[in-house]
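Novice: Make a model of this:
(2 chains)
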Amino acid sequence: MTLLDRLLTLLRRLRRSATAPPSPGPEELHRQFIARSRSFRDLLTANANTLAAMAELETALRDGRTLSMTFIRARCTLVTVNVFKIIHHLNRMADGRYSELERAFSRLHRQIETILDGRRKPATGALILDLRQVGRAQADLTGEKMANLGEAGSIEGIRVPPGFVLTTAATGLFFQRNQLYPRINHIIQQMDIADLEDLHGKSGAIQELIRAAPMPPELETLLLDHFDRLAEARPGCRVAVRSSALGEDLGQASFAGLYHTELDVGRDTLLDACKAVLASKYTPRAISYRLAKGFRHEEIEMCIGVLTMVEATVSGICYTRSIGGRNDTLDLFCAPGTAKGIVDGTRATGHLLLERAPPHRIVRRLEAEEAIAPWLTDAEATTLAETGMRLEHHFGTPQDIEWSIDRDGRLYVLQSRPITAAALHAPVAAHPPPADDRLVLHGGVTGCGGAGCGAVCVVHGPEDMLRFPRRAVLVVRHPLPGWAPLLKRAAALVAETGSEAGHLATLSREFGLPALLALDRATELLADGDMVTVDATNRAVYRGRVEEALRRPVERTNPMDGSPLQRTLIEVLQLISPLNLTDPASPDFQAGRCRTLHDITRFCHEKSVIEMFEFGRRFRFAKGTAKRLRDTLPIEWWVVDLGGAFVPHYDLSRTDIDIADIACRPLQAIWAGMHGVPWEGPPVAGLRTMVAFLFHSALRDGLDPARTSALREKNYFLLSQKYCNLSARLGYHYAMIEAMLGDRPGDRYITFRFKGGAAGESQRVRRIELLAAVLDHFGYRIDRVGDALTARVERESEQVLLDRLKVLGYLVIHTRQLDLVMAEAGAERSYRDTFIQEIEDMLNHE
Amino acid sequence: MSDQTLQLEAVLKIHLLLVDDESEFKEVMQRHLSRMGIRLSVSECCLDALELLEAQPIDVVIMDMNMPGMDGIQCLRKVKERWPRTEVIILTGHASVKSGIEGMESGAFDYCLKPIDIQELIEKIELAAQKALINQEDDIP
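Specialist: Down below sits the predicted model:
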């Protein structure tokens, strides 16, 4: 008969007896015990899975780089499903006595669902608005960019191009009528963001969906009517079709140049141009930027601005506060024709520095080499500065302004928005590059300070992007916004053209990526595969690895800080991870007090261990089941076999057992740790500490040293061949070790909990610090609240876990009553060194 | 008595049905499972799966949630209603707390997310197989 058949027969008999009259015989009880053991094992697996997924969410919150909505949703789902299983198994073990937990759980998972599904309410209102009707109050309908532009146009003395806006109500109608969101979500959820080829393929598929979708007829009519009205005022006019997204204003993200702008559009191509702008929400660069900055695509709603083209002779950008760091000046960047060449970084750019205060004296003027005559006259520069300061005054914060001057010398404002924090962080060069034979190139403009080292990868077109290796130095001719998906993978950026004002420069500052721009002949002198160091701060590129440059500290920011995705994660984590039920002895340790999923997990775990144990007692089964484990230490250890914990030849009629008769590997390891280094007995405490201890004991029930029960309580091990649970009250502290050494990685873990003590709080906390330091040294993940500590390690090999269990065995014995000698600040440090040394000797010795 | 031995024995005794419209995934699974000697049937959608279940006893079903035709939860409910002893593992590329809980409340054995490590999935199948055999012997779900 196979093992399986035997078990099946046992279980079959057990099931049949479910309806049998009470007082089951010992055989029956044993079978019930097996059924409970099975639920207990499944509960422990679900418990381990829950804690692992929680840890992943917490790690993601700290480092930000792996954060995406798909990730958050997946981990939250795993946590919730596993907590469901935990409750289910506990109730099976306890005949439904914990059904109260289901209420708390149901409330929590509904709240989590609501946060994860949070969306904006669908927009209602006019489908199209004339730009003259638009101001900041309409931002929810028109997007920030067009709302600001409409508002700017209402300021006296400021001219904006005539135009109109397709509102969120219009674009929402387009998406809804064509049922685009469900289809887009379907594609996005299957996307592997780390795989650039996959990203390009799926991005293309989404954009194609949008371009192929028909414009709702009522919208088409309205669009063409509005275009005709513009053409009435200016016959033969062409328009620029630009994005104006909603939801970009959040956090510290610039969304610089992510979306498409189509210039010189006529009536016949107007509809296609609008769809092209909408589709640009899903370009690879926009998708990867949103993921990197923690924006959910459903949260970004696109509006479209349709503006009459300005026949520009010169265009540019004005930062009303210098991005070079000076507080009293403003920047003007300019180039002939439209501003596109400046923000794309494809054009040589002139740069003027003017005083912010009237009369806006020109402090410095740097012409581009190719400029025969100045592109901007002094008078034009002054007018621009006046306009810029007027906009800053109106909007109340320094502005990033895009402008054009037409043939008749009329100045148009095309865009005005607050300067992002990143734009202001462009550093100035600190040192001239040293004379060094490793120097390959120097000069250019610092887009973002810092230094990076890696192999050169010259990228000419999208096809090169797919072969871009991680941590390579990105070398391009023009710093086009299309290279944005590579910024997260690159070690540094080098471009032959561009300025600090370009979109890619702004993005590189947001990502903290060292960037050196306008570095002539870079694509020619740097070849694929060359190992180089780019010192962007000092505007130099060196052959090989230059440690001096790399050593200078660079401020790296978490790109997720302040993002909506981070806020979503923080919100759900508040329902998941805080642990309020830390002390099983407290009257608050109740099902009704569970406020988070972690509370439920903790509560169920504690109760499941008790259930396993109490089962015996309730059915008078314990008699003879618990065996006293013989020990030389003056501590009472008792063991209970959950299955396979004793060697086959052990005589079950005995009341005690030797460690040699235990087949449970985790316990053997703990035992070896407990006895590996002799314990010298309780530490000697000073008189003052002893007085405090006696006083403290008198106040706390069960801590009276005269009462032997408190000090000589029985400590129980629940054991199977691969599982061990020790709940110990050793003197005045409570310690719990749980170890599972299963075959599946998810079934291999150790949890250690420690709380309490006899001394005052500061001493107890010092002992916790000592424990934390030692456990951290041996690779445990530590979580501390006051004088309670939880340490975990999981998914390691059996050998590693056995060693870690020896560490716990050592600590359980050697930290007994140690809090009493922790009066001196720093006492824990000397103990820490001794402990680590002794443990390492013990492990090496074996 | 090793749990692992029990599971391996169990998995060889069962008939497994994979319901998924993703052909690449099905092929990978077929290759792995047949190498292990597991008896496997496949179907493209819920309706086909229900027909297969009608025609022969199936112990464990692995079911994608998003397939053409019937919604995965509805399909799961139908299976558990008609064949309560059959264990169903939900496998989905669209994680959602709501569908996870709905699935578990409707009697799913487990709810897993794509992409899943093949070894991890096989372990889940083994556990489900063990449970399915106990159900069968017991005549109780």
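Novice: so where do the strands sit in chain B?
Specialist: Taking DSSP state E, the strands of chain B run over residues B:15-19, B:39-43, B:60-64, B:87-92, B:110-113.
Novice: can you give me the angle the third one makes with strand B:15-19?
Specialist: Counting by axes from the mean of the first three to the mean of the last three Cα atoms, to 10 degrees, strand B:60-64 lies at 10 degrees to strand B:15-19.
Novice: what pairs with strand B:60-64, and is each one parallel or antiparallel?
Specialist: According to DSSP bridges, strand B:60-64 forms sheet pairs with strand B:15-19 (parallel), strand B:87-92 (parallel).
Novice: returning to that earlier point: which one of the strands of chain B lies closest to residue A:328?
Specialist: For the strands of chain B, distance to residue A:328 was read as Cβ to Cβ. The smallest value, 55.5 Å, belongs to strand B:110-113. Glycine gets a C-beta too; all of them are placed from N, C-alpha and C.
Novice: Wondering if the closest one reaches chain A at all.
Specialist: Yes: with Cβ under 8 Å from any Cβ of the partner chain as the measure, strand B:110-113 is seen reaching chain A through B:110-111, B:113.
Novice: Partner strands of that strand and their direction?
Specialist: Paired strands of strand B:110-113, with direction, are strand B:87-92 (parallel) (DSSP bridges).
Novice: Worst mean pLDDT across the helices and strands of chain A, which element?
Specialist: helix A:708-711 (a mean of 34; mean pLDDT, DSSP states H and E).
Novice: Just after that one, pick out the following helix or strand.
Specialist: Sequence order places strand A:715-720 as the next helix or strand after helix A:708-711, per DSSP states H and E.
Novice: pLDDT on the helix or strand following that following strand, on average?
Specialist: Counting by DSSP H and E, the next helix or strand C-terminal to strand A:715-720 is strand A:723-730. For strand A:723-730, the mean per-residue pLDDT is 81.
Novice: Neighbouring strands - and their directions - for the following helix or strand past strand A:723-730?
Specialist: Toward the C-terminus, strand A:723-730 is succeeded by strand A:733-741 as the next helix or strand (DSSP H and E). With DSSP bridges as the test, strand A:733-741 is paired with strand A:723-730 (antiparallel), strand A:748-756 (antiparallel).
Novice: Can you dump the C-alpha atoms of the longest one in CSV for me?
Specialist: So that's strand A:748-756. Extracted as CSV, the C-alpha positions of strand A:748-756 are listed here (Å, rounded to 0.1, in the frame of the first residue of the first chain):
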residue,chain,number,x,y,z
ARG,A,748,11.4,27.6,3.0
TYR,A,749,11.5,30.3,5.6
ILE,A,750,12.4,31.2,9.2
THR,A,751,10.5,33.8,11.3
PHE,A,752,11.7,34.9,14.7
ARG,A,753,9.8,37.1,17.1
PHE,A,754,11.0,38.5,20.3
LYS,A,755,9.4,40.8,22.8
GLY,A,756,9.4,41.9,26.4
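Novice: domains for chain A, by residue range?
Specialist: With domains defined by automatic domain parsing, chain A comprises A:3-98+A:591-616, A:128-308, A:312-419, A:439-551, A:624-845.
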